[in-house]
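Asker: structure here, sequence nowhere to be found:
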């Protein structure tokens, strides 16, 4: 019995090579509406992959990325041939975002979701001072730093890795808590937390040391307190070519020179 034909929607970043690739693929395979598609093919770089996943939070259609950007860690190789067969045999990587609830100095609370990480960063030349609480217990009374972040496993090879945080396998069910240019305590390198942990940052001396908080690309300025937890009830699916799974990429990255 023949399998029903996949309904494919194509989305492209604003890079000219991504738009040109979309036009060629639509000509080859047609294009379904994103609201009814079985799979979305995202053409661009890792940033556009995150944009596509965020835009798809309601329907949660699987997303297959093809690299027409610069980094492409979350993307598959670009090839116009045999796309339906690649999609039919692709492996799945299921990720769960973080929810950020950021309370500002003005008393407003803003909520954002992060597929990669929630990061706090100093807004001025002054270092930030943060108190870190995990599951309602103060773990670090004062961290003097440029910032700090909480990363998902999917985001552990992005900003987290650049800040010297650990690479996390997707099925490890842990979060990375990683300082950014820690000044005191100077030797603190962060922590691995169970994925069920609730992390709270309190901004100290916020009047002269303002801090912003960002969930992926959603930024809140002059925060006073930021709470972060995993949303296990939200499951987003990325597709990867057979033999090029996300788990294999994470493992290979740990041996990269």
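Answerer: Nice, thanks for sending it over. If you're wondering where the values come from, they're calculated on a predicted model, not measured in any experiment.
Asker: for the lowest-mean-pLDDT helix or strand in the chain, buried residues please.
Answerer: Within the chain, confidence by mean pLDDT, DSSP states H and E is lowest for helix 246-253 among all helices and strands, at a mean of 81. By neighbour count on 16 or more other C-beta atoms under 10 Å, the buried set for helix 246-253 is 246, 250. To be clear about C-beta, it is placed using only N, CA and C from the backbone, and glycine gets the same treatment.
Asker: that helix - contacts with which helices or strands?
Answerer: Applying 3 or more C-beta pairs under 8 Å, 6 or more residues apart in numbering; DSSP states H and E, we find helix 246-253 packed against strand 91-95, strand 236-240.
Asker: is it true that residue 173 touches residue 192?
Answerer: No - counting by C-beta atoms under 8 Å, residue 173 sits too far from residue 192 to count as a contact (10.5 Å).
Asker: want to try CSV for the helices and strands packed on helix 246-253, with distance to residue 162 and mean neighbour count as columns?
Answerer: Below are the helices and strands packed on helix 246-253 laid out as CSV (distance: least, C-beta to C-beta, whole Å; neighbours: other C-beta atoms under 10 Å):
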stretch, distance to residue 162, mean neighbour count
strand 91-95, 19, 16
strand 236-240, 21, 21
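Asker: which ones are touching residue 71?
Answerer: Going by C-beta atoms under 8 Å, 6 or more residues apart in numbering, residue 71 touches 45, 46.
Asker: okay, it: pLDDT?
Answerer: Note on residue 71: pLDDT of 73.
Asker: again, but for residue 1
Answerer: Checking the pLDDT column for residue 1, the value is 42.
Asker: next one: residue 188
Answerer: Looking at residue 188, its pLDDT stands at 93.
Asker: could you confirm it falls within a strand?
Answerer: No - assignment of residue 188 by DSSP: H, G, I helix; E, B strand; the rest coil gives coil, placing it outside any strand.
Asker: so it sits against residue 141, correct?
Answerer: No - counting by C-beta under 8 Å, residue 188 stays clear of residue 141, with 11.7 Å between them.
Asker: give me the more crowded residue out of the two.
Answerer: Shown here are residue 188 and residue 141; by other C-beta atoms under 10 Å, residue 188 has more neighbours (14 against 11).
Asker: where does residue 160 land in three-state SS?
Answerer: Assignment for residue 160 (three-state DSSP): helix.
Asker: how far away is residue 28 from residue 84?
Answerer: 10 Å (C-beta to C-beta, to the nearest Å).
Asker: please identify which of these two sits among more neighbours.
Answerer: residue 84 (14 against 11).
Asker: so what does that one look like in phi/psi?
Answerer: Phi and psi for residue 84, reported as degrees, to the nearest 10, are phi -60, psi -40.
Asker: just residue 254 next, same as before
Answerer: Torsion angles, degrees, to the nearest 10, at residue 254: phi -70, psi -10.
Asker: what's the burial count for it?
Answerer: Residue 254 has 11 neighbours, counted by other C-beta under 10 Å.
Asker: now residue 157
Answerer: For residue 157, using other C-beta under 10 Å, the count is 24.
Asker: please name the residues that touch it.
Answerer: So residue 157 contacts 73, 167, 249, 250, 253 (C-beta under 8 Å, 6+ apart).
Asker: on that earlier part again, is it possible to export the helices and strands packed on helix 246-253 to JSON lines including mean pLDDT and distance to residue 158?
Answerer: JSON lines is the format used below for these (pLDDT from 0 to 100; distance: least, C-beta to C-beta, whole Å):
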{"stretch": "strand 91-95", "mean pLDDT": "92", "distance to residue 158": "13"}
{"stretch": "strand 236-240", "mean pLDDT": "95", "distance to residue 158": "14"}
